[in-house]
Structures are given as C-alpha cells and as structure tokens.
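Visitor: show me the folded form of this:
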Amino acid sequence: MTPRVATVQDISGIGRCSLTAAIPIFSAMGIQACPLPTAVLSNQTAFDSYAATSLTGQLEASIAEWKKQGLTFDGVSTGFLMDTEQAALVSEFFDYAKDRGALIVVDPVLGDSGSFYPIFGRDMLAAFAGLASKADVITPNLTEACLLAGVEYPGERTHSDEFVWDVARALASMGPHTVVITGAHTNTDTICNMAYISGENKKITVCNRRIGGSFSGTGDILTSIICACLLRGEDIERALDLAGRLFERAISLSIESGTDPREGVAFEPFLHLLSSVGNAL
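Guide: Numbering: from 1, shown residues only. The predicted model follows:
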C-alpha cells in the first residue's frame, strides 16, 4: 500500500514553498500527500505584502472528520502554522496519529537570520517547543534551532561544527530522536545540513556548494524529502544526499533564468531525481 502522510502547512499562490512544494515532492517519491492547510496566502511572506486567510476552523473540522472516520497515516509533516491555537490542534492530532504508528516530522517555522518572523513571538516559540517534544524528527534552520535551544544566534558568519552539534544535542534532549539543522555555514564555500541521531550519538553532515543567495522554500522542500525518505525505509543520510542533488541543480537553473529568490527554487524539472525510478537511472 502506498504510504500516506498528512502534510500540515499553508498554501501560497506565489512562492515554491509549503504545500505547493510538499505535494509534488511527496508524489514524486511515491507517498500519498494528504494536505491539511493552515492558511491560504496570495504569495509567501518574504514579499513586501501579502493577503492571508487563516484556516483554523477548517483545520479543526478536518482533523475531527479524519478522527471520526478512523483514518490512519504513516507520517505527519508540519510546517507554517498561523498561531498557538493551530499549534494546539496539531499537538492533539500528533497524539492521535502517533498512537496509530505515524512518524512525526516537525519543521518549526519561527524565523531566520537571527530573528523571529514578524508575525511570531515567544508564545509561538513555546508552542513549537511542545510540538518538538512529540516529534521523531525536527528540521529547524540555525536561527530556529538557537531560539528553541535558548542559545544566542552566532550571526551570519561561519559556524563551528561543535557549536551546531551542541545545539542539536540540546534540541534532542527535548524529545526528538533526530535533529536536522539546516543551512549551517561551516565555511565560506559550502552550505551544510547537519543531522544528529541521539540514540546512536551519530552525526551526519552533507554539504553542497554555496551558489548565489538565499532562496525561499528550501526548508519546506528538505523537510518533505526527509519525511518521504524515512517513510520509504531510507535513512537520513540518503535524504540529505537526495536533497543536495536536487538543490544544486534547481538553484543553478533558478540563477540562470533570473528567478526572483522569493519565488523559490525551480525544482520541478528535477523531481525525477527523487523517484525510485530516477535514482535507478
């Protein structure tokens, strides 16, 4: 039977992120994507302005309906949540899904470049800490990792490996067995995704060439790839390798074609790299 994942995040009309990225990635990797939208946005929030409608009522109703029907999921993957009310609903859904064997993957969308996103504050930090405690895997960027761990963000300079591992160990103590800290700058030429598996005290680092600037939505893409790989029975190292191969090609194409970084990376031509067929070629 095809594995099934509930993907809980917003849908943005412009910007390759959240559900518009997660759904094609899960599908390409042989996973049935079951969206639970948290909001509808005209365009993702990196633009100067956007129109947004919260879907808290629909989120609550959908979860209640799925519970009533006794539906089960192999995984739950979360991204952008509007507020603490949505986080509480998702936390309850985690309990339901975990009791039925689901893998829980949380991308704690809180901020970047050392700061909270403007719509979030300490109340949302506490909410995501609660979700992280119930997760199997969390995928914060370094800003989010520092916020959750309660340590000072080191700035946009290069970061030592040991600093990142210390933060990862602190996050693992909150509950998740695997912590993937994304977008670490361990030197000036590469950008690294660094995974710490607490039960094995295992550290995995996968780095790629740093090409151009920062593109929106890469964290959403990476989280989806990680969740899909684990549901396919593959490991974290395989997931980070696949994501790196996709990003190098997609970012190169995006730069060549002059894509606005706020619109995300042009991943669509490279989805075949993620499928079992594509990887056999």
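
Visitor: all contacts plus neighbour counts: C-alpha atoms, from now on.
Guide: OK.

Visitor: residues in contact with residue 98?
Guide: Residue 98 makes contact with residue 104 under the criterion Cα atoms under 8 Å, 6 or more residues apart in numbering.

Visitor: are we agreed that it is in a helix?
Guide: Yes - counting by DSSP: H, G, I helix; E, B strand; the rest coil, residue 98 is found in a helix.

Visitor: and the pLDDT at it?
Guide: Per-residue confidence (pLDDT) for residue 98: 97.

Visitor: do you know how far it is from residue 130?
Guide: 15 Å (Cα to Cα, to the nearest Å).

Visitor: next one: residue 210
Guide: Distance from residue 210 to residue 130, by Cα to Cα: 33 Å.

Visitor: same question for residue 176.
Guide: Taking Cα to Cα, one finds residue 176 at 11 Å from residue 130.

Visitor: with neighbour numbers in mind, choose between the two.
Guide: residue 176 (22 against 16; other Cα atoms under 10 Å).

Visitor: what helix or strand is the more buried one on?
Guide: For residue 176, there is no host helix or strand (DSSP states H and E).

Visitor: I figured it hits residue 131, correct?
Guide: No - here residue 176 lies out of contact with residue 131, judged by Cα atoms under 8 Å, at a distance of 9.7 Å.

Visitor: what about the helices in this structure?
Guide: 18-28, 56-68, 84-99, 122-134, 142-149, 161-172, 218-231, 236-256, 276-280 (DSSP state H).

Visitor: nearest to residue 12, of the ones you listed?
Guide: helix 18-28 (7.0 Å; Cα to Cα).

Visitor: compute the inter-axis angle for the closest one and helix 218-231.
Guide: With axes from the mean of the first three to the mean of the last three Cα atoms, to 10 degrees applied, the angle from helix 18-28 to helix 218-231 works out at 30 degrees.

Visitor: just want the most central residue of this protein.
Guide: Nearest to the geometric centre of the chain sits residue 223, at 3.4 Å (Cα atoms, centre = their mean).

Visitor: how far away is it from residue 15?
Guide: 16 Å.

Visitor: residues in contact with residue 85?
Guide: residue 56.

Visitor: what sits against the residue nearest to the centre of the chain?
Guide: 77, 105, 107, 139.

Visitor: those in strands, which ones?
Guide: Among these, the ones falling in strands (DSSP state E) are 77, 105.

Visitor: dump the contacts of residue 223 to a markdown table, plus pLDDT and distance to residue 2.
Guide: Formatted as a markdown table, the contacts of residue 223 follow (pLDDT from 0 to 100; distance: Cα to Cα, whole Å):
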| residue | pLDDT | distance to residue 2 |
| --- | --- | --- |
| 77 | 98 | 16 |
| 105 | 98 | 18 |
| 107 | 98 | 23 |
| 139 | 98 | 24 |
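
Visitor: low-confidence regions, the chain specifically.
Guide: For the chain, the stretches with pLDDT under 70 are 156-158, 186-188, 276-281.

Visitor: hmm, try it at 50
Guide: 277-278, 280-281 (pLDDT under 50).

Visitor: so what sits opposite residue 104 in the bridge?
Guide: When bridges are called by DSSP bridges, residue 104 pairs up with residue 76.

Visitor: how many residues are close by it?
Guide: 25.
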